[in-house]
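Chemist: starting from these lines, generate the structure:
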Amino acid sequence: MSAVVLQFFLALVAGFFVFRLWRRVSAASRPIFWLVTVGTLVRAIGGLLGFWISYLELPVGRSLQLGRGLWFFGVDAVMYFDFSATAAARGPIAILFLDKGLPSPFFLQVLAGAILLFGAVSSVSILLNLIAYLASCRIILSFDSPEQRRFVVFAIAALSLAPSVVVWSLQPMKDVVFFFLIVAFFGSARKWQQLWSDPARPFPATGALLTWSAAMAVTVYGLSGIRWYFAFMVLLASLVFFLMTIISTRRHFAAAASALLLFVLLLSSFFAGAGSYVPPPIRAAVRNIHDTIVLPQTLVGLLASARRGFDRSGGATLIGAGGAIRKLDRNIGAKEMPVVAAPAPLPASYQQKVEIDKKRTEDAAHPDAPSATASMGAKAPAATSTAPPPGAVPAAVALAPPEATGMQQPESEEEGASVSPGTVLMPGSTAGRLIAGTAAIVLPQWVARRIGVLDVRGGRGLWLFAEVDTIFFDVVLAFAIISMIRAARQRTLRAPVFWMIFMVTFTVGASLAYTVSNFGTLFRHRGMFLVGLILLPVAAAGSRRVQPATALEAGSTDVTSL
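Modeler: Numbering: from 1, shown residues only. This is a model prediction of the structure:
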């Protein structure tokens, strides 16, 4: 009982902290006040409504509920919550030394910490995601200046209103925390860069240098503990960032020594956070000069392997080749592979819940039949932590060569149209994969299908939501491109942090377009690309003028100045 009272008190304290954080962010300007207020209310009210509807199993979207406050779009959340709740039940030591072989171990640690403090209910994620969202807005505000004001407002508007980002905020999912880590890393890198751009100081203040170096290392640890490949791209881009910072400062030797030590720290944080998820060839590249030289070739091989893994994993929304892609493949001699699209397996608890709902419906139609509660139980049992081991591929799709399926490869666009309804032809060439993947990222699905680029099925009736989110994404993309073109014409793209963000965003987007062959997965991962696009205009505008040294850069270590 005392533990419940303590958790209730801590939840009140956390709620007050959210209120104060909202007050601080919304005080920046009137447009930001309304944007942040709307973003906060949508996440808080929408999350609570969704939680109670699912938790109480109310007759609202019953077929989409997973129970326990969870919904079908948060299938991963079942696994995350169960693993985190188990760790929290074992205490702080178990959370601290959580098995790095589990999925997204850093997020599991964060969620387990929230469960330990506030209780083992899935609604704790609403509080956690609210804090991550408001903290991200606060960091973006640190870029604010007269030259950047409209870019900051646009960035906060995009982060607050992006449909997919809002949806991920309603469940115990890693995306919003991951977005916060991205923003925090680039914000810390910008502060570290500015320490070397003040000509009035012979050397940066030691306290500030250590603070922002530590902040970069902690965020890399978190990034690698959720999606190791993103953190690895950040590491590669940081080399260019450090080089540009060294060149732009007058204290070349000191900056070079500091950058070298910081890179070693970032590298250590990367391996510590990612654990066994780092492929052996990348580990070998750190120890062996020969493996380092062939690292580009190794990365290409890893991308190809990841593509094959996504193809095997499959799903109901496979990104198939449209008529134009099939024509391109035919012209260059590439052949598409027929893949039988099938929905990914749902948790056992959800499948049993569907059976219970079906039985209840039958009971209502036939009152004399045995009741659902008597035959199956009144409630579906809580899902257990039976997730497959890391690297395991779910048997969600049947892959087979043409001769095994009894189908021939299409020799023309017209013949390709005769493929059976349940089969999708995957692009056969690298160019076709890149074009199809890029189209899936930036084009509304109905447009891509109309021009013959994509063939996508499934969607569970949620294509309207996906299309709206894609249009929103396109607006952010257009704003980012126009902002960068204007900055390039004015020759103001000088900030090293801008080029680091640009490199990470471009490589993430290209990698997703090539490797991910399922629209549902791509739709979720597109958020990494979106966050980069949000930050690019702000960073581009920030290079127009060197900011004066702040109190923190003069020696203060108050990290709340972010």
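
Chemist: only C-alpha atoms for contact and neighbour calcs from this point on.
Modeler: Noted.

Chemist: and the strands in the protein?
Modeler: Using DSSP state E, the strands of the chain run over residues 65-67, 70-71, 320-321, 337-340, 398-399, 423-426, 454-455.

Chemist: for those, which one sits closest to Leu302?
Modeler: For those, proximity to Leu302 was assessed by CA to CA; strand 423-426 is nearest, at 19.2 Å.

Chemist: pull up the pairing partners for the closest one, direction included.
Modeler: strand 337-340 (antiparallel) (DSSP bridges).

Chemist: any idea of the mean pLDDT for the partner strand?
Modeler: Strand 337-340 shows a mean pLDDT of 74.

Chemist: which of the strands of the chain sits closest to Gln7?
Modeler: Closest of those to Gln7 is strand 70-71, at 21.3 Å (criterion: CA to CA).

Chemist: packing partners for the closest one?
Modeler: helix 30-55 (3 or more CA pairs under 8 Å, 6 or more residues apart in numbering; DSSP states H and E).

Chemist: gap between the helix it packs on and the chain center?
Modeler: Centroid separation for helix 30-55 versus its chain: 20 Å, with CA atoms, centre = their mean, to the nearest Å.

Chemist: return the set of buried residues in that helix.
Modeler: Neighbour-count burial for helix 30-55, counted by 16 or more other CA atoms under 10 Å, picks out 31-33, 35-37, 39-40, 42-44, 46-48, 50-55.

Chemist: same check, this time on stretch 450-457
Modeler: So, applying 16+ other CA under 10 Å, buried residues of stretch 450-457: Gly452, Val453, Leu454, Asp455, Val456, Arg457.

Chemist: coming back round to it: and the strands of the chain, which one is worst for confidence?
Modeler: What stands lowest among the strands of the chain, in mean pLDDT terms, is strand 398-399, with a mean of 34.

Chemist: chain neighbours aside, what residue packs nearest to Gly50?
Modeler: In this structure, Gly50 finds its nearest non-sequential neighbour in Gly69, 6.7 Å apart by CA to CA, 6 or more residues apart in numbering.

Chemist: how close does that neighbour get to Asp175?
Modeler: 18 Å (CA to CA, to the nearest Å).

Chemist: more neighbours, the two?
Modeler: Under the criterion of other CA atoms under 10 Å, the comparison of Gly69 against Asp175 puts Gly69 first, with 24 against 21.

Chemist: that one and Ala3, how far apart?
Modeler: Gly69 sits 22 Å away from Ala3, going by CA to CA.

Chemist: how about Asp291?
Modeler: Noted for Asp291: a distance of 53 Å to Ala3, by CA to CA.

Chemist: look at these two and report which has more neighbours.
Modeler: Asp291 (17 against 12).

Chemist: does that one touch Ala284 like I think?
Modeler: Yes - using CA atoms under 8 Å, Asp291 is in contact with Ala284, at 6.2 Å.

Chemist: can you pull out the helices in the stretch 1-150 of the chain?
Modeler: 2-26, 30-55, 75-90, 92-96, 105-118, 124-141, 149-161 (DSSP state H, counting those that start in this stretch).

Chemist: could you say what helices and strands the longest one packs with?
Modeler: What that stands for is helix 30-55. Using 3+ CA pairs under 8 Å, 6+ apart: helix 30-55 touches helix 2-26, strand 65-67, strand 70-71, helix 124-141, helix 149-161, helix 163-168.

Chemist: Ala480 is nearest to which of these?
Modeler: Ala480 lies closest to helix 149-161 among the helices and strands packed on helix 30-55, at 9.4 Å (CA to CA).

Chemist: which other helices and strands contact the closest one?
Modeler: If you count contacts as 3+ CA pairs under 8 Å, 6+ apart, helix 149-161 packs onto helix 30-55, helix 124-141, helix 519-542.

Chemist: identify the residue nearest the residue nearest the centre of the chain in space, chain neighbours excluded?
Modeler: Centroid-nearest residue in the chain, with CA atoms, centre = their mean: Asp175, separated by 4.3 Å. Spatial nearest neighbour of Asp175, chain neighbours left out: Trp168 (6.4 Å); criterion: CA to CA, 6+ apart.

Chemist: tell me the spacing between the one you found and Ile534.
Modeler: Using CA to CA, one obtains 17 Å as the distance from Trp168 to Ile534.

Chemist: give me the more crowded residue out of these two.
Modeler: Using other CA under 10 Å as the criterion, Trp168 and Ile534 rank with Ile534 on top: 25 against 22.

Chemist: wait, that one touches Ala155, no?
Modeler: Yes - the pair formed by Ile534 and Ala155 meets the contact definition of CA under 8 Å, at 5.1 Å.

Chemist: follow-up on the earlier one: among the helices and strands packed on helix 149-161, which comes closest to Ala231?
Modeler: Of the helices and strands packed on helix 149-161, nearest to Ala231 by CA to CA is helix 519-542, at 11.5 Å.

Chemist: report the buried residues of that closest one.
Modeler: In helix 519-542, counting by 16+ other CA under 10 Å, buried: 519-523, 525-542.

Chemist: so which elements touch it?
Modeler: So helix 519-542, by 3+ CA pairs under 8 Å, 6+ apart, packs with helix 149-161, helix 163-168, helix 175-195, helix 430-442, helix 463-489, helix 496-515.

Chemist: among those, which is the most enclosed?
Modeler: helix 175-195 (a mean of 23; mean count of other CA atoms under 10 Å).

Chemist: hmm, who's touching it?
Modeler: For helix 175-195, the surrounding residues in contact (CA atoms under 8 Å, 6 or more residues apart in numbering) are 107, 129, 132-133, 135-136, 139-140, 142, 165, 168-169, 204-205, 208-209, 212-213, 215-216, 219-220, 222-223, 226, 245, 496-497, 501, 527-528, 531, 535, 546-547, 549, 553, 562.

Chemist: 7 Å - rerun?
Modeler: For helix 175-195, contacts defined as CA atoms under 7 Å, 6 or more residues apart in numbering pick out 129, 132-133, 136, 139, 168-169, 204, 209, 212-213, 215-216, 219, 222-223, 245, 497, 531, 553.

Chemist: extract the CA atoms of it and return them as CSV.
Modeler: Output of helix 175-195 as CSV, limited to C-alpha atoms (Å, rounded to 0.1, in the frame of the first residue of the first chain):
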residue,chain,number,x,y,z
ASP,A,175,9.9,6.4,-31.2
VAL,A,176,9.3,9.6,-29.3
VAL,A,177,12.1,9.0,-26.8
PHE,A,178,14.4,8.2,-29.8
PHE,A,179,13.4,11.5,-31.5
PHE,A,180,14.3,13.3,-28.3
LEU,A,181,17.7,11.7,-28.3
ILE,A,182,18.3,12.8,-31.9
VAL,A,183,17.3,16.4,-31.1
ALA,A,184,19.4,16.3,-27.9
PHE,A,185,22.5,15.0,-29.6
PHE,A,186,22.5,17.7,-32.3
GLY,A,187,21.6,20.4,-29.8
SER,A,188,24.6,19.3,-27.7
ALA,A,189,26.8,19.2,-30.7
ARG,A,190,25.8,22.7,-31.6
LYS,A,191,26.7,23.9,-28.2
TRP,A,192,30.1,22.1,-28.3
GLN,A,193,30.8,23.7,-31.7
GLN,A,194,30.0,27.2,-30.5
LEU,A,195,32.6,26.8,-27.7
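
Chemist: got the angle for it vs helix 496-515?
Modeler: Going by axes from the mean of the first three to the mean of the last three CA atoms, to 10 degrees, helix 175-195 is angled at 150 degrees with respect to helix 496-515.

Chemist: any low-confidence regions in the chain?
Modeler: 1, 144-147, 199-202, 314, 340-422, 458-461, 542-562 (pLDDT under 70).

Chemist: at 50 instead, please
Modeler: Along the chain, segments meeting pLDDT under 50 span 349-350, 354, 361, 365, 367-418, 545-562.

Chemist: now do the contacts for Tyr55.
Modeler: Gly67, Arg68, Gly69.

Chemist: tally of neighbours for Ile289?
Modeler: For Ile289, using other CA under 10 Å, the count is 11.

Chemist: now Gly333
Modeler: Neighbours of Gly333 using other CA under 10 Å come to 10.
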